[in-house]
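[1] have a look at this prediction, sequence included:
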Protein chains: 2
Amino acid sequence: MLGHWGTTPGLNFIYLYLNRIIRNRDLNILYVAGPGHGAPGVVASTYIEGTYTELFPDITEDEAGMQKLFKQFSFPGGIPSHAAPTTPGSIHAGGELGYSLSHSYGAIFHDPDLIVACVIGDGEAETGLLAASWHSNKFVNPKTDGAVLPILHLNGYKIANPTVLARISHEELSNLMHGYGHEPIFVEGHDPNEMHQKMAVAFDEAFDKIRQIQKDARENNKTDRPLWPMIVLRSPKGWTCPKTIEGERVEDFWRAHQVPFGDLTKPGHLELLEKWMKSYHPEELFDESGKLFPEIAALNPVGFKRMSAIPQSNGGAVKRALKLPNFTEYALAISAPGREEGEATRILGSYLRDVVKANKNNFLVLSPDENNSNRLNNVLEVTNRVWNAEIFDFDDHLAHEGQVMEILSEHTIEGWLEGYLLTGRHGFFSCYEAFIHIVDSMVNQHSKWIDGAKEVEWRRPIASLNILLTSHVWRQDHNGFSHQDPGFIDHVVRKQSDISRIYLPPDANTLLYIADHCLRTSNRINVIVAGKQPQAQWLSMDAAIKHCTEGVGIWEWASNDKGHEPDVVLACAGDVPTMEALAAVKILHEHMPELKVRFVNVVDLMTLAAPSQHPHGLSDGTFDSLFTKDKPVIFAYHGYPQLIHSLVYKRTNAKNFHVHGFREEGTTTTPFDMVVLNNLDRYNLVANIVNRTAKNSSKVAYINQMVCDKLVEHKRYIHEHGQDMPEIRNWSWTS
Amino acid sequence: MLGHWGTTPGLNFIYLYLNRIIRNRDLNILYVAGPGHGAPGVVASTYIEGTYTELFPDITEDEAGMQKLFKQFSFPGGIPSHAAPTTPGSIHAGGELGYSLSHSYGAIFHDPDLIVACVIGDGEAETGLLAASWHSNKFVNPKTDGAVLPILHLNGYKIANPTVLARISHEELSNLMHGYGHEPIFVEGHDPNEMHQKMAVAFDEAFDKIRQIQKDARENNKTDRPLWPMIVLRSPKGWTCPKTIEGERVEDFWRAHQVPFGDLTKPGHLELLEKWMKSYHPEELFDESGKLFPEIAALNPVGFKRMSAIPQSNGGAVKRALKLPNFTEYALAISAPGREEGEATRILGSYLRDVVKANKNNFLVLSPDENNSNRLNNVLEVTNRVWNAEIFDFDDHLAHEGQVMEILSEHTIEGWLEGYLLTGRHGFFSCYEAFIHIVDSMVNQHSKWIDGAKEVEWRRPIASLNILLTSHVWRQDHNGFSHQDPGFIDHVVRKQSDISRIYLPPDANTLLYIADHCLRTSNRINVIVAGKQPQAQWLSMDAAIKHCTEGVGIWEWASNDKGHEPDVVLACAGDVPTMEALAAVKILHEHMPELKVRFVNVVDLMTLAAPSQHPHGLSDGTFDSLFTKDKPVIFAYHGYPQLIHSLVYKRTNAKNFHVHGFREEGTTTTPFDMVVLNNLDRYNLVANIVNRTAKNSSKVAYINQMVCDKLVEHKRYIHEHGQDMPEIRNWSWTS
């Protein structure tokens, strides 16, 4: 026997009373099932509503269909034990716990007619993300957003332990919910008959309150943050299964978590199962053929009002395309490579401002309190930061409505954005690079959702998850080692190749192109890495378009191998590595003008992968034509060097790749010292190139000595002055 | 000007009144500074106590020393802006926010004389980890554990936004704290004089309550969970700095976050700074030379009573070595490779049981509600799961005291364990493999702490962070894709090479050896990957010891290249890949007995890395002697194949490595189907080997046809029967 019974009766029970409310009030309700392994409860309800059969016609509404439905559960080639992309009406997978509430809030932002009934498991309630996301109600505007009705389902047990919230006093739990800004309504008991009455009354009360709150805000212009209702449903785990089996407590205990009794060969077990199953009186619900009696089926909502068929649950199908301004209009004018300075993310901010403006309530800019620190301030020219807790008159761009959302929880930000995307909207998440690891597991699960949804015929592509990583590893001058980690790229590279994309635009115009491109895509996880500091700019918009379209290319103006096979390829990816590589080129041109150096910049990291491994992978021919078949490739890379090796290992010239990147040498120090610590600086690049190419040993010795002297001079200078040498600070390509 | 002023006055203020309590009551208090960028506050206090000068003698107690102290702040080669390993008395870095409270609880478990005063920033309070960790008080036994006094510091602002908890009503906040199981004591105000009085009173009240709770538990045997006190300190951000600067609000606003005014060249700014600094009347505190007046210094606690010198903050120095039983006594008797079956983690559980027994209150076994699911049940024979919320008589191994801790929050588990290790104890964390990504960022920061602490002369090594990943990617038969992710290995491999260790023991005896080894180490992050399912066992304890000591080796009994250079190397790492590789060997022996196959198993993954990149890396000579210089190496690997390529890329034979592993093909399916989906099965391994080695094309065609037939047969069988073919289920090496 296979199944996950524990949470199921509660999920069904809630579903039923939500249906009653929908029918009585004609509401649009989306059902989010947070508890782990809740699929049986949700799938059964969607089958009873007919939706399952509409979407999966082989699961017919009769005995044969029902048998197929049951058999596929947790079965090879079947459906998982938790809600998933195959579950009609779901925007939420219940595998890794904790996402339900932040997803629910993401779904109702800017959708005033939607109510999400979010069932929160009491196991899931112990997770960090769930615990943080209760405060999402401070970001809901009852006038312009929908509503979330949290339903905390206390069935008391996880796999093997009781749950914390089920083992604190009623008073403490009530205080906790009030503390989260909710008015709790308790529905508690064991007896199904009593509980049916209580649940109906509680839902009436809760939905009355939501209606009143929305009316006050929408018709009476009440702006105070309301006390939103929520339900605490305390019902036994595995409710209505046998109370004990072989003398062991099962109902209302952790033993009911999965299958109350699995081994049907044990004496009496088959009879026990039959008795249990018959206790639900299927003969009162289904006719002889296994079809629901019409009078029972008539209790369901109809059409799109069914929670299993609500359009927002198939976000891709209701998605409105973004209206994108012409990104070239935000271009920084470039007279020559390296002549102008710019802050890439600040320029991006102007573009995003106009994306916000053109896509009212269809596009969110999110950040964990870093929007301005990441220099996207310009978006605040046309919108505000949403805030529905107390606002003072001196507050800065806080308002009840807006398209910028910030809370100091990467988890909550990611959860909101996922919920927003999954219900058909668009967004952009900016984050300090090091701390994006906080959402590693969430991004995993989102990529699994996308991957699974692609296999489901009736699901439509949702907008991509766009993540800008800035305030990156190379420019944490004062914050130091705790803020230095470029490993999220490595994390995302492992995801499905048709989903993961990594871009490292080296300057403002390339960043504009890439951001625009990412916003046009769907079903992807786009990671963009770009610094926020003022720095030299390289490409005009025309050059940026050409370069980014190809994803990788030779920068002729920095190369001196024209018409020849080079002696060495100097490659780079990332803004700081690009600058160091260019500085290295200048040193080489000066000291070894005879050395033919080809300069290659990589914007789209996945071009390096073999075409069999990633759709963006360059053909071997193109790859070889850029990186040669046998010349040394010195590669200055933004992140961990091992990643480049793992991308190029199938290439002809793989063994000649020598990658400089972050090697976990971090600290509080100057920008140049950071690259020196990690051997990513211009001098180390030069030394490596010279040692691998020069045939004249006195030349090699001379360059090595120069490099050594420079690095000593650098160390001495920063020790004395606390900043980089003037020749570093004032360095420019054109000088 | 450099600095982070915002949180500093609050941190100093709290420190001062804790000192008063320590002196009045002779308490042992550890100070945890959660707010971001709190270093100035903490470092200044430890300097005033004299500890800083004792530990860093060049920072003298005079004007010159003070100047050095100030100058090193956020300065190249200096100290970071948040608490760090260099901060005396700290077990906690304040870089990535959210860890303070779970670290604090980890510190007081099993240390009844310790009180941790944990300052929680109101920014940090928005994070998931912090939000979840409030419930840690349900796991504190006032009799045998110490106490945590949470001090929620509401200074109202983050970098650019207000904080949520500062913008909800007093009543809501009070409810929230009561809901978390605390009795809040509010200290609120702007006027320093009034606040001094209030703080003294509040601390007296709080520490009275803690004393009473501990007395009730320890002397009067009171066992109810108490309502622990906590403090809400509401004081202005940047308290006592200029109220406005150039007409802009600064004190009590986000503008005070870093430096209230940085540009001293602006007219009047230097004077403003001087006026501000002089407002603290340094002449009343320091003599002409810059030394604290003796009567002021006399206010400090002395010796180890100083929070900056409390022994527990240098955990390595107070660490008691683990008493480890002889792991060989738990060995599974192996008569021949593959003859016996065993559940590796269940056997480990018996060993861990005796580690628990021998190390009362010095060793914790932790898990997010998965201890029994991970088959470590046997530890419960000698201890209980700690639980101080309500307990019913039918509960299973729940008690107020114990050495097993479970809560459904990987974050909280990791935070507790880190706090426990950092204060000198030992532990073992078991987790489902996929969900360990939840703590990616925490493991990052812990590895940064270890790395930083190694550079600090007076810090001593702490016990390693030991993580067992089980319920792994290959055996999620019913849970499916959401539970399938082997990427944590990739994450840890990127960390410092002297810290990160990855072990993939293929069976029970190797797991015993590896676990014992890990428990003996310090300052490491040991990741052990081992399945929990019954499976064939390969190595006797003697063989396991030999194999694990080397970390990688040829399994002669599975090889037929004796005395010759092999035609192919079949390598493997991980329990499931090892079984598939052995099954492949059998097929090859049967169908191509002339093919000389060398079988290599890798337990210690880092042996593959170049010795220049990891201390466990095999010398090139040894590597070549195992993997040959030019023969195909077919590698069956537990995780993402790219990782193996990124480890071996410097090796002579790198280009001949062909790695089979997880390629993101996950679903609900049978164990064998999972390996088939990812080409990691015996048949695909055989096909790859034959295609790369056989010279006889009819032989190649024959084998390819056989493989193809087998895979078709397999698919057909699971479709019909929902389980693997009998020849797969019943396969054994010895049959």
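    Done, it's in.
[2] wait, a helix at A:A160?
    No. The assignment for A:A160, made by DSSP: H, G, I helix; E, B strand; the rest coil, is coil rather than a helix.
[3] measure the residue most central in space within chain A to A:I467 for me?
    With distances taken as CA atoms, centre = their mean, A:V443 lies nearest the centre of chain A, 4.3 Å away. Distance of A:V443 to A:I467, computed by CB to CB, to the nearest Å: 8 Å. Heads up, the C-betas are built off the backbone N, CA and C, glycines and all.
[4] please enumerate the shared neighbours of those two.
    Listed as contacting both A:V443 and A:I467 by CB atoms under 8 Å, 6 or more residues apart in numbering or on different chains are A:I525.
[5] before we move on, which element is A:A336 in?
    Using DSSP states H and E, A:A336 sits within no helix or strand.
[6] how about it: what's its closest non-neighbour residue?
    Nearest non-adjacent residue to A:A336, counting by CB to CB, 6 or more residues apart in numbering or on different chains: A:T734, 5.8 Å away.
[7] check A:H658 too.
    Per CB to CB, 6+ apart, closest to A:H658 is A:I634, 5.3 Å.
[8] A:L519 contacts A:L324, correct?
    Yes. At 6.1 Å, A:L519 counts as touching A:L324 under the criterion of CB atoms under 8 Å.
[9] which one of those two has more residues nearby?
    The residue with more neighbours, out of A:L519 and A:L324, is A:L519; 22 against 17, by other CB atoms under 10 Å in any protein chain shown.
[10] just for chain A, where's the confidence low?
    A:735 (pLDDT under 70).
[11] how does it divide into domains?
    A:7-313, A:327-536, A:553-730 (the TED database).
[12] winner for burial among those?
    Across the domains of chain A, averaging neighbours per residue (mean count of other CB atoms under 10 Å in any protein chain shown) puts domain A:327-536 on top, at a mean of 23.
[13] gap between the two ends of it?
    Distance across domain A:327-536, first residue to last, is 20 Å (CA to CA, to the nearest Å).
[14] could you do stretch A:380-399 as well?
    11 Å.
[15] what does stretch A:175-189 give?
    First-to-last residue span, stretch A:175-189, CA to CA: 20 Å.
[16] figure out how far it is from the centre of its chain.
    Averaging C-alpha positions (CA atoms, centre = their mean, to the nearest Å) puts stretch A:175-189 30 Å from its chain's average.
[17] now A:L468, what's its secondary structure?
    strand.
[18] quickly list what it is bridged to.
    A:S430, A:I528 (DSSP bridges).
[19] look up how far A:F662 lies from it.
    In terms of CB to CB, A:L468 sits 19 Å off from A:F662.
[20] also A:W276?
    Applying CB to CB, the value for A:W276 to A:F662 is 59 Å.
[21] go on, A:A508?
    Taking CB to CB, one finds A:A508 at 23 Å from A:F662.
[22] so A:Q484 sits right up against A:D477, yeah?
    No. Using CB under 8 Å, A:Q484 is not in contact with A:D477; the gap is 10.6 Å.
[23] mutual contacts of these two, please.
    A:M674.
[24] top helix in chain A by residue count?
    Counting residues, the longest helix found in chain A (DSSP state H) is helix A:192-218.
[25] and the next element down the chain from it?
    Counting by DSSP H and E, the element after helix A:192-218 in chain order, helix or strand, is strand A:228-234.
[26] that next one packs against which elements?
    Strand A:228-234 sits against helix A:8-25, strand A:147-154, helix A:170-179, strand A:182-188, helix A:192-218, with contacts defined as 3 or more CB pairs under 8 Å, 6 or more residues apart in numbering or on different chains; DSSP states H and E.
[27] quick one on the thing from earlier: okay, the angle between the longest helix of chain A and strand A:147-154?
    150 degrees (axes from the mean of the first three to the mean of the last three CA atoms, to 10 degrees).
[28] give me the helices and strands touching helix A:192-218, please.
    Secondary-structure packing of helix A:192-218 (3+ CB pairs under 8 Å, 6+ apart): helix A:8-25, strand A:147-154, strand A:182-188, strand A:228-234.
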